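Visitor: With the sequence up front, the predicted model follows.
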Amino acid sequence: MDLANRLNRENHPIPAIIFVTAHDQHAVAAFDNHAVDYVLKPFSIDRINAALDVAFRRTENDRTALLLRTLPHLETLFARPSRKIAIKAKGRILFIDPAEVAVIRAEGNYVLLEKRSGSYLLRESISIVAEKLKPHGFIRIHRSVLVNTSFVEEIHPWPTGEYVLKIKDGQELTVTRMYKNNLKSIAQLWVGTDPFS
C-alpha cells in the first residue's frame, strides 16, 4: 500500500497494480490508489488470469491514450515544410534553397545573397534577413555579414579578440568581438575546446 501511495505521487504513468491478499479490509484503500484489481486468497488460476487480463487491457489503453495525446505534437515536429524561400529579384519571384546560400552581405539598403552559382541583390535590411533566416542556420558575424553555418570549415582566433571563419569556397570572413558568441551555434557539440564562453 505504501508503494502504491508513492507511485501515485510521481509525475509519470503508474504501472497496473493488482493486490493479492487475505485481508479484505484494505480493498477500498487499494482502489483509492488506482489498483486494477484486488484478489482475495485463496484464489484460482482463472481469477488471477482475469485480473492480469484487466491489467494488460488497462496498460494497453493507457499507452494508446498517451499516443493519441502525443500524436499531434509528433506530426508538428515531423511536418516538413518547404525548405525554399521566396525572393524578389529583377522583377521576378525566385525560389531558392537557403542551404545553397553561403554568405549574405549588407550593401546600403540592400542585401547580397551569395551562392556558388551566383548572387541576388534584394531590397531588405540585414536585420530583417537575419531574423528570417535564423531558423535556416544563418548567424550574424559582423554588423553587415551573415554566414550559413553549414559552410563554415574552420575558425581562427586573432590576438585582437576577433575571429576569422574559413568557409567551403575558400573565403575568409572576419567575426567581430560583438558577434563572437553567435559562433557557439556552429556546432552542436564542442569537444576539447571552449565554445567562446
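Guide: All right, it came through fine.

Visitor: who's H142 bridged to?
Guide: Residues in a beta bridge with H142, per DSSP bridges, are V145.

Visitor: That one: neighbour count?
Guide: The tally of other residues near H142 (other C-beta atoms under 10 Å) stands at 17. Heads up, the C-betas are built off the backbone N, CA and C, glycines and all.

Visitor: Report the buried residues of the helix ranked longest in the chain.
Guide: Longest helix of the chain, by residue count under DSSP state H: helix 45-78. Neighbour-count burial for helix 45-78, counted by 16 or more other C-beta atoms under 10 Å, picks out A51, A55, R58.

Visitor: Using PDB, write out the CA atom coordinates for whichever helix or strand comes after it.
Guide: Note on helix 45-78: by DSSP states H and E, the next helix or strand toward the C-terminus is strand 85-89. Extracted in PDB, the C-alpha atoms of strand 85-89 (Å, rounded to 0.1, in the frame of the first residue of the first chain):
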ATOM      1  CA  ILE A  85      12.500  30.700 -49.600                       C
ATOM      2  CA  ALA A  86      10.900  33.200 -52.000                       C
ATOM      3  CA  ILE A  87      12.900  36.300 -53.000                       C
ATOM      4  CA  LYS A  88      12.100  39.100 -55.400                       C
ATOM      5  CA  ALA A  89      14.900  39.700 -57.900                       C
END
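
Visitor: For the remainder of this discussion, apply numbering that starts at 23.
Guide: Fine by me, first position is 23 from now on; the one you just mentioned is strand 107-111.

Visitor: which strands and helices sit next to strand 107-111?
Guide: For strand 107-111, the elements it packs on are strand 114-118, strand 140-144, judged by 3 or more C-beta pairs under 8 Å, 6 or more residues apart in numbering; DSSP states H and E.

Visitor: hmm, who's touching that strand?
Guide: The contact list for strand 107-111, computed with C-beta atoms under 8 Å, 6 or more residues apart in numbering, reads 115-120, 135, 142-144, 154-155, 158.

Visitor: Pull out the buried members of the residues you listed.
Guide: By neighbour count, with 16+ other C-beta under 10 Å, those hold I118, P120, L135, Y142, L144, L155 as buried.

Visitor: Identify the bridge partners of the fifth one.
Guide: According to DSSP bridges, the partner residues bridging L144 are V133.

Visitor: show me the contacts for it.
Guide: I109, K110, A111, Y132, V133, L134, L135, V151.

Visitor: separation between it and H56?
Guide: For L144, the distance to H56 (C-beta to C-beta, to the nearest Å) stands at 60 Å.
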